[in-house]
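J.: my questions are about this predicted structure, shown below with the sequence.
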Amino acid sequence: MNTEAVINGTELHRKLDVLHNPGYSPELCDQYAAMIGEILQLKAERAAVVLAHNYQRPEIFEVADFIGDSFELARKARDLQGADVIVFCGVHFMAETAKVFNPERMVLLPDMRAGCSLADSVTAEALAERSEELRRLYPDLKVVSYVNCTADVKALSDACCTSANATKVINRLDSDNILFVPDQNLANYVQSQTSKNVISWDGNCYVHHQITPAEVERAKAGIPGLVVIAHPECRKDVIAMADAVLSTSAMMQYARESSADKFLIVTECGLSDRLLMEIPQKHFYKACKLCRYMKMITLPGVRDALVNLRYEITMPDEVRDGARRALERMIQLGS
Ligand code: SF4
């Protein structure tokens, strides 16, 4: 994270060298370093902060004021002080969450194509229909939505949750029957951790869902002593092979504190890049799965967002108020 000093191309190249990515040539690092300087200047002029998800490109981390998982970013957005503009380097539903907590601030997403296959798998209309149906069977039904969904789906939920606090939120809700949307893999994982009845939705994250046990097995066979850390959005058979099942920020902490020095990081590759840059003395092997939506955010996109104040996130007041209620409930139950 660098918001004060401007990095030069040589330093940036040295820093990115740990990623062993030939794409980061000295010439490209020079261009990025100049752009980083420009963005830091624009941030100061616009009184802007940059929030970045763990899955972003490594060069984006250089202009971020804060990097984290979706829960940390939601909390950060809620507690922000003294900024007029938020540039959100993540996907659309995350920028919506920042807007929910900052109705008076301008929230910008550098590329409106940065959506999410998981968020797209549930609509407010389908959720309203399904929960009405299920309430006939389970009058005490509560709806919990994983934060990876649109604001209008959050507005129909009793509480939101993240992968870090899903089990805690469900256990603390006063109902034995929970409709959990939209991730079926996370729902299955939570079901294995709670005695409550968790009814899943038929959605998944295409990035995590494509990772197979065979890929994990191959890595384990080739690297003795490898510790496998998986994200709960992975399939059940992949989770069964993991030494730890953690959210992205919990993975950072685990890798820092563990006495092991070789890890297979079974989630989107951006997190492995962050680990390689921040904990260079340990070895991180990645599942090599990129989220095409997360990678739509680029340094030129961030610069253009600040120059042109685009693309602004807006939503109706009633959606914002409903989503805020569900997100506040998550913060209250899940902290
Ligand atoms: S990694 Fe999966 S859940 Fe996250 S933004 Fe990409 S598609 Fe959505």
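T.: Structure's in. What do you need?
J.: what about the protein, any weak spots by pLDDT?
T.: 1-5 (pLDDT under 70).
J.: how is it divided into domains?
T.: Segmentation of the chain into domains, based on automatic domain parsing, reads 9-115+294-308, 119-205, 211-286.
J.: would a markdown table of these with mean neighbour count and distance to the ligand be doable?
T.: Any C-beta I mention is one placed from the backbone N, CA and C, and that applies to glycine too. Converted to a markdown table, the domains of the chain look like this (neighbours: other CB atoms under 10 Å; distance: least, CB to the nearest ligand atom, whole Å):
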| stretch | mean neighbour count | distance to the ligand |
| --- | --- | --- |
| domain 9-115+294-308 | 19 | 4 |
| domain 119-205 | 20 | 3 |
| domain 211-286 | 18 | 5 |
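J.: show me where the stretch 151-300 of the chain has its strands.
T.: 159-161, 177-181, 197-200, 227-230, 244-245, 262-266, 283-286 (DSSP state E, counting those that start in this stretch).
J.: distance to Pro300 added to those, as JSON lines?
T.: As requested, the strands of the stretch 151-300 of the chain are arranged in JSON lines below (distance: least, CB to CB, whole Å):
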{"stretch": "strand 159-161", "distance to Pro300": "32"}
{"stretch": "strand 177-181", "distance to Pro300": "35"}
{"stretch": "strand 197-200", "distance to Pro300": "39"}
{"stretch": "strand 227-230", "distance to Pro300": "33"}
{"stretch": "strand 244-245", "distance to Pro300": "36"}
{"stretch": "strand 262-266", "distance to Pro300": "28"}
{"stretch": "strand 283-286", "distance to Pro300": "25"}
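J.: out of those, flag the one nearest Ala48.
T.: With respect to Ala48, and counting by CB to CB, the nearest of the strands of the stretch 151-300 of the chain is strand 159-161 at 26.0 Å.
J.: and the contacts of that closest one?
T.: Residues external to strand 159-161 that are found in contact with it (CB atoms under 8 Å, 6 or more residues apart in numbering): 142, 144-147, 154, 168-170, 173, 323, 326-327, 329-330, 333-334.
J.: tell me where the stretch 1-150 of the chain has strands.
T.: If DSSP E, counting those that start in this stretch is used as the criterion, the strands of the stretch 1-150 of the chain fall at 48-53, 66-68, 85-89, 106-108, 142-146.
J.: name the helices or strands packed onto the third one?
T.: Looking back up the chat, that one is strand 85-89. Counting contacts by 3 or more CB pairs under 8 Å, 6 or more residues apart in numbering; DSSP states H and E, the secondary-structure elements packed against strand 85-89 are strand 48-53, helix 92-101, strand 106-108, helix 299-308.
J.: touching the first one from outside, list them.
T.: Contact with strand 48-53 is made by 39, 42-43, 60-61, 63-70, 73, 76-77, 80, 83-91, 94, 98, 270, 294, 302, 306, as judged by CB under 8 Å, 6+ apart.
J.: keeping just the C-alphas, turn stretch 220-227 into PDB.
T.: Only the C-alpha atoms of stretch 220-227 are listed here, as PDB (Å, rounded to 0.1, in the frame of the first residue of the first chain):
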ATOM      1  CA  LYS A 220       0.300 -32.100  -2.800                       C
ATOM      2  CA  ALA A 221       2.000 -35.100  -4.500                       C
ATOM      3  CA  GLY A 222       4.600 -32.800  -6.100                       C
ATOM      4  CA  ILE A 223       5.400 -30.600  -3.000                       C
ATOM      5  CA  PRO A 224       6.000 -32.500   0.300                       C
ATOM      6  CA  GLY A 225       4.900 -30.600   3.400                       C
ATOM      7  CA  LEU A 226       2.400 -28.400   1.500                       C
ATOM      8  CA  VAL A 227      -0.300 -26.900   3.600                       C
END
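J.: check what contacts it and list those residues.
T.: Identification of contacts with stretch 220-227 by CB under 8 Å, 6+ apart yields 219, 228, 241, 243-244, 258, 260, 262-264, 285.
J.: now the residue of the stretch 51-200 of the chain found nearest the ligand. Nearest residue, chain neighbours left out?
T.: Nearest to the ligand, among the residues of the stretch 51-200 of the chain, is Cys116, at 3.2 Å (CB to the nearest ligand atom). Closest residue to Cys116 apart from its sequence neighbours, by CB to CB, 6 or more residues apart in numbering: Val91 at 4.8 Å.
J.: ok, now which ones touch the one you found?
T.: 53, 114-116, 119, 293-294.
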